[in-house]
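Trainee: my questions concern the predicted model and sequence given below.
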Amino acid sequence: MSSLSIFRKVAVAEGISYLLLLFVAMPLKYWAGLPLYVKYTGWVHGLLFVLYAATLVLAWQEQKWKFGKAVLIFLASLLPFMPFVVDKKLKDERAL
């Protein structure tokens, strides 16, 4: 399995964890008084974020991407829904 395919899987998992944190755990914390959901979802998201960065570096080296492309892919992890856009673009590139 290539590091690019591993990165794409991690990117999707990180994107899902980010959305769960923002749109499920945070509302539960502030509107329902259930802070433990943020604690555990945040912990999982943090772990996946670190994996995202690590697997990005491996894919960057394997694919010989330019520095700017790697930086844009990293910055995409900071915005909701963008990891899914990155995954689609990488899948489309691979198909070519």
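Mentor: Thanks, I have it.
Trainee: not counting its neighbours along the chain, what's nearest P83?
Mentor: Closest residue to P83 apart from its sequence neighbours, by C-beta to C-beta, 6 or more residues apart in numbering: G15 at 3.3 Å. For glycine as for every other residue, the C-beta is placed from the backbone atoms N, C-alpha and C.
Trainee: contact partners for that neighbour?
Mentor: Each residue near G15 by C-beta atoms under 8 Å, 6 or more residues apart in numbering is listed here: S77, P80, F81, M82, P83, F84, D87.
Trainee: need the pLDDT of it.
Mentor: With respect to pLDDT, G15 has a value of 97.
Trainee: check which helix or strand it maps to.
Mentor: helix 3-20 (DSSP states H and E).
Trainee: list the buried residues of that helix.
Mentor: Neighbour counts using 16 or more other C-beta atoms under 10 Å place 3-4, 6-8, 10-11, 13-15, 17-20 of helix 3-20 among the buried residues.
Trainee: pLDDT (mean, whole number) over stretch 76-85?
Mentor: Average pLDDT, stretch 76-85: 96.
Trainee: got a list of contacts for it?
Mentor: The contact list for stretch 76-85 (C-beta under 8 Å, 6+ apart) reads A11, V12, E14, G15, Y18, L19, L22, F49, Y52, A53, V86.
Trainee: next: stretch 47-59.
Mentor: Under C-beta under 8 Å, 6+ apart, the answer for stretch 47-59 is 2-4, 6-7, 10-11, 13-14, 17, 65, 70, 73-74, 77, 83.
Trainee: and F81, its phi and psi?
Mentor: Main-chain torsions, F81, degrees, to the nearest 10: phi 70, psi -20.
Trainee: how much space between it and E62?
Mentor: According to C-beta to C-beta, to the nearest Å, F81 and E62 sit 26 Å apart.
Trainee: give me the distance between the residue nearest to P83 and K64.
Mentor: 25 Å.
Trainee: quick one on the thing from earlier: quick one: which of F81 and E62 has more around it?
Mentor: E62 (13 against 10; other C-beta atoms under 10 Å).
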